[in-house]
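> Predicted structure and sequence below. I'll ask about it afterward.
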Amino acid sequence: MNEEQTTTPVRKKSFAKGCGIAAAAVVGFIIIVSIIAGMASSPDLQKEAVRQGANAIKEATNGDDAIKILELKIAKKDFVQMAIGVAQNTSKESFGYAQISINVYDKKGGTLLGSTLANINNIEPGQKWKFEAPIMEEGAHYIEVKGIDAM
């Protein structure tokens, strides 16, 4: 070796240390998701939703019964509460756009927490539409259709 050349030690990253950090991040994520899922799937919440009439359907239409709500309920889907239902175009007319506005309450006859909506393009006469609308408000136990627009 020449006196002018010097060697610098090369620092190697520990593969095990990198894997350990990644594994800790994955475990942390799983714990957070489990906590959220546990809160959303509370048996008390589910019982309350049924008891308060979450399946209630208000006869709300756009004035001429063109779109009718056949089913409406609160359900959990992928850790999120959803207003889920079925609507039908009962008219002889096609609509390029239809929208269902849904109010969200803490209980039947209770405090209005917020609202959500579902919409669709191109619904034909007689056609049924399975709709879903996210419920972002915490403590939601009752939903009610407040309006239907079709054009």
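Now that the structure is in, tell me what you want to look at. Numbers count the residues shown, from 1 in each chain.
> Helices along this protein, start to end?
Counting by DSSP state H, the chain has helices at residues 15-40, 43-51.
> Least confident of the ones you listed, on average?
With a mean of 45, helix 43-51 has the lowest mean pLDDT of those.
> quick one: the strands in the chain?
Using DSSP state E, the strands assigned to the chain run over residues 67-77, 80-89, 95-105, 112-123, 128-134, 142-150.
> got a markdown table for these, with mean neighbour count and mean pLDDT too?
All C-beta atoms are positioned from the backbone trio N, CA, C, and that covers glycine. Listed next are the strands of the chain as a markdown table, based on neighbours: other C-beta atoms under 10 Å; pLDDT from 0 to 100:
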| stretch | mean neighbour count | mean pLDDT |
| --- | --- | --- |
| strand 67-77 | 17 | 95 |
| strand 80-89 | 20 | 96 |
| strand 95-105 | 19 | 97 |
| strand 112-123 | 16 | 97 |
| strand 128-134 | 16 | 97 |
| strand 142-150 | 20 | 95 |
